[in-house]
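here are the coordinates; sequence isn't available:
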């Protein structure tokens, strides 16, 4: 029954081999947007895996398609933020999420121009007219964001990659000071299996039942708030299946880590309502709750979440700037 | 330390709610292709999940992007088979696999026709010329297969959905008799957590380490071969990370279940070589091995695997037909 501190975690678990290269890209992105005076948000998205073997065949995973993160990233871009999108490999991404292979496969809306399917001469392929209106909006936003270099995407798979990336990125993002926003929407495992305890090969299944014992992942919010990026505005998420636990768990997190906001969601209601839990300004030591609900005519609750969040970031920036 | 037989598994674990509806679709597909005298292959693909809670937040998973299954399905279609493609939700699919969001995002190769981005009038979107040649091939095959109704796709997520679907489909496919081929490429968990042992809500992480004890999944190949679909040609897969275990494990499976072929792959070499292990025709009670390797000029080993397999299915069909 081992509990790792962040320090002992990073001292005993090896960094991913491509970490430095990934950080170089982030550094360039952060510096460019600091120069241009733009706010920067780090959006984490999707679930982390916990490999059970060194040659990975089996792993523990956290349920998340990455909808919250990918959708929110689009709204942050629309609000003028530069976005570092750090997501689980193959989870949804901003823009392309509208055309996931399963719900809206893109091959279905491509057509050969009449008589030009390539049987005889050069083929020509168009997007079918019925799909053009929606796709044109998405494509325009996508091309605009890429031309202006407003979106920087990084992928992780394992909990180890997630933890190392978050630490490294936060040290870079620290230079943006209060203009940095953290939107930690990834579904991060609470448990992991240290490399030192993993078996080298696929666990064999001849010996009856399988017993796995895992250690706790260090509470990374503490060093993030205290050491790595002390000036930024930090938002964490709580997902619970028991609605009763949502508010007490959010209070607990704010008390422990001293960050700015917990967004609480209940698994089955998360597309319709979430709750913003934050330290009360009026009553020091107390907390306040604000529910954000999907409005009539809205299709995505992330529109309201991001709008409210940008307002809070702005107010906080103005308040802290005036206080200096 | 519980070991479930197939019978006790299905007696204690509830079927997925949409099972009957899914089976109706399979029945129609199978009957149509039997009437048209076409061979039918069931391709299973991707990994199964093992939920750890009733309100799923955490689950155990098996590593698989679904490349082997999705690629092989295309080659089976090219060889004239009708394909039932039973795959893990969000794993790769035939045709669309060429344009996965991460490696070749399709938004990158769409272009507005000059002056028609929708700012002023109706937008028009084309596939950029550089991408047209490859995409035209994929799109033509895709449209052809869909027009002719040669591909039937079903998705699963959990091990429970996989087991129930496989049983139900095999009972339908049984009517195709020796014209049915099973290509069981999915990465299926060896362990599961019976519903009766699951906690209702998200496992809380305050109590130190997490201990999970799981039961063995029943060996489904035995009833598949003996009861559900006794006349079909059945191919199973073995994935090992220890090359030494590959052949002995394949022998063991063939001895236990009495099916036709095990395709063995080692995790890191699986895109370059696989081994076909089957009962020897010359020496009864013995086995023979044939290695299939990626040839010069080939990009996908599945081309060779499927070609060899179709040959074997044909020879076996002719031999068993002559023997009647």
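Arrived safely, thanks for sending. Everything numeric here is computed off the predicted structure, so don't read it as measured data. Residues are numbered from 1 along each chain as shown, chains lettered A, B, ... in the order given.

What segments of the stretch 51-200 of chain A are helices?
A:67-78, A:129-147, A:159-173 (DSSP state H, counting those that start in this stretch).

dump the residue contacts of residue A:187.
Contact partners of residue A:187, counting by Cβ atoms under 8 Å, 6 or more residues apart in numbering or on different chains, are A:46, A:47, A:48, A:62, A:63, A:64, A:239, B:57. Just so you know, the C-beta spots here come from the backbone N, C-alpha and C atoms, and that holds for glycine as well.

cool, residue A:272 as well?
Going by Cβ under 8 Å, 6+ apart, the list of residues near residue A:272 reads A:293, A:294, A:301.

same question, residue A:81
Applying Cβ under 8 Å, 6+ apart, we find residue A:81 in contact with A:38, A:39, A:40, A:41, A:150, A:181, A:310.

got any ranges where the stretch 1-150 of chain A has weak pLDDT?
A:1-2, A:101-104 (pLDDT under 70).

State the distance from the residue nearest to residue A:198 when sequence neighbours are not counted to residue A:194.
Closest residue to residue A:198 apart from its sequence neighbours, by Cβ to Cβ, 6 or more residues apart in numbering or on different chains: residue A:54 at 5.0 Å. Distance of residue A:54 to residue A:194, computed by Cβ to Cβ, to the nearest Å: 11 Å.

can you pull out the strands in chain A?
A:40-45, A:49-51, A:58-62, A:82-88, A:110-112, A:125-127, A:151-156, A:180-184, A:191-192, A:210-216, A:233-240, A:261-266, A:273-279, A:287-293 (DSSP state E).

sorry, back to before: make a markdown table from the contacts of residue A:187 and add neighbour count and distance to residue A:198 to it.
A markdown table is the format used below for the contacts of residue A:187 (neighbours: other Cβ atoms under 10 Å in any protein chain shown; distance: Cβ to Cβ, whole Å):
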| residue | neighbour count | distance to residue A:198 |
| --- | --- | --- |
| A:46 | 30 | 23 |
| A:47 | 27 | 20 |
| A:48 | 25 | 16 |
| A:62 | 22 | 19 |
| A:63 | 18 | 23 |
| A:64 | 22 | 24 |
| A:239 | 21 | 27 |
| B:57 | 20 | 23 |
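
which of these lies closest to residue B:134?
residue A:46 (28.8 Å; Cβ to Cβ).

Report the contact partners of the closest one.
A:64, A:65, A:66, A:69, A:87, A:88, A:89, A:91, A:92, A:186, A:187.

So which of the contacts of residue A:81 wins on neighbours?
Of all the contacts of residue A:81, the highest neighbour tally under other Cβ atoms under 10 Å in any protein chain shown goes to residue A:41, namely 28 neighbours.

Which pLDDT value does the model give the closest residue in space to it that isn't next to it in sequence?
Excluding its sequence neighbours, the residue lying closest to residue A:41 (Cβ to Cβ, 6+ apart) is residue A:181, at 4.2 Å. At residue A:181, the model reports a pLDDT of 98.

so who does residue A:181 touch?
Residue A:181 neighbours (Cβ under 8 Å, 6+ apart): A:39, A:40, A:41, A:42, A:81, A:232, A:233, A:234, A:235, A:309, A:313.

farthest pair in those residues?
Taking Cβ to Cβ as the measure, those span a maximum distance of 15.0 Å, between A:81 and A:234.

quick revisit: going by neighbour count, which of the contacts of residue A:272 are buried?
A:294, A:301 (16 or more other Cβ atoms under 10 Å in any protein chain shown).

which of the contacts of residue A:272 are close to chain B?
With Cβ under 8 Å from any Cβ of the partner chain as the criterion, the contacts of residue A:272 include none near chain B.

any idea which of the contacts of residue A:272 is the one closest to chain B?
Set against chain B, the nearest of the contacts of residue A:272 by Cβ to the nearest Cβ is residue A:301 (19.4 Å).

Skipping adjacent residues, who's closest to that closest one in space?
residue A:294 (4.6 Å).

give me every residue that touches the one you found.
With Cβ under 8 Å, 6+ apart, residue A:294 has these contacts: A:271, A:272, A:273, A:300, A:301, A:304.

Quick check: phi and psi on it?
phi -60, psi 120 (degrees, to the nearest 10).

Flag the shaky bits of the stretch 201-324 of chain A, pLDDT-wise.
A:201-207, A:322-324.

Would you check how far apart residue A:53 and chain B are?
7 Å (Cβ to the nearest Cβ, to the nearest Å).

Okay, and the beta partners of that residue?
residue A:199 (DSSP bridges).

right, and it touches residue A:198 too?
Yes: under the criterion of Cβ atoms under 8 Å, residue A:53 makes contact with residue A:198 at 5.9 Å.

Specify which residue of these two has the higher count of neighbours.
Between residue A:53 and residue A:198, counted using other Cβ under 10 Å, the more crowded position is residue A:53 (18 against 15).

For chain A, identify the residue most remote from the centre.
Relative to the centre of chain A, and counting by Cα atoms, centre = their mean, the farthest-placed residue is residue A:120 at 47.3 Å.

any idea how far residue A:271 is from that residue?
49 Å.

ditto for residue A:303
Taken as Cβ to Cβ, the span from residue A:303 to residue A:271 is 12 Å.

Compare these two (neighbour count), which wins?
Counting neighbours by other Cβ under 10 Å for residue A:303 and for residue A:271 shows that residue A:303 has the greater number, 18 against 15.

can you tell me which residues contact the residue nearest to the more buried one when sequence neighbours are not counted?
Closest residue to residue A:303 apart from its sequence neighbours, by Cβ to Cβ, 6+ apart: residue A:75 at 5.9 Å. Applying Cβ under 8 Å, 6+ apart, we find residue A:75 in contact with A:302, A:303, A:305, A:306, A:307.

hmm, 6 Å instead?
Applying Cβ atoms under 6 Å, 6 or more residues apart in numbering or on different chains, one finds that residue A:75 lies in contact with A:302, A:303, A:306.

now, which of the residues you listed sits nearest residue B:8?
Ranked by distance to residue B:8 (Cβ to Cβ), these are led by residue A:302 at 45.1 Å.

Provide a list of residues in contact with the closest one.
A:71, A:72, A:75.

if I look at residue A:6, how far off is chain B?
Following Cβ to the nearest Cβ, the distance that separates residue A:6 from chain B is 16 Å.

doesn't residue A:225 make contact with that residue?
No: with contact defined as Cβ atoms under 6 Å, residue A:6 does not count as touching residue A:225 (11.5 Å).

Now residue A:92: phi and psi?
Per degrees, to the nearest 10, the backbone of residue A:92 is at phi -60, psi 150.

residues near it, how many?
Residue A:92, neighbours per other Cβ under 10 Å, totals 24.

thought it was touching residue A:69?
No: between residue A:92 and residue A:69 there is no contact under Cβ under 6 Å: 7.6 Å.

Counting residues, which helix of chain A comes out longest?
Ranked by number of residues, the top helix in chain A under DSSP state H is helix A:302-323.
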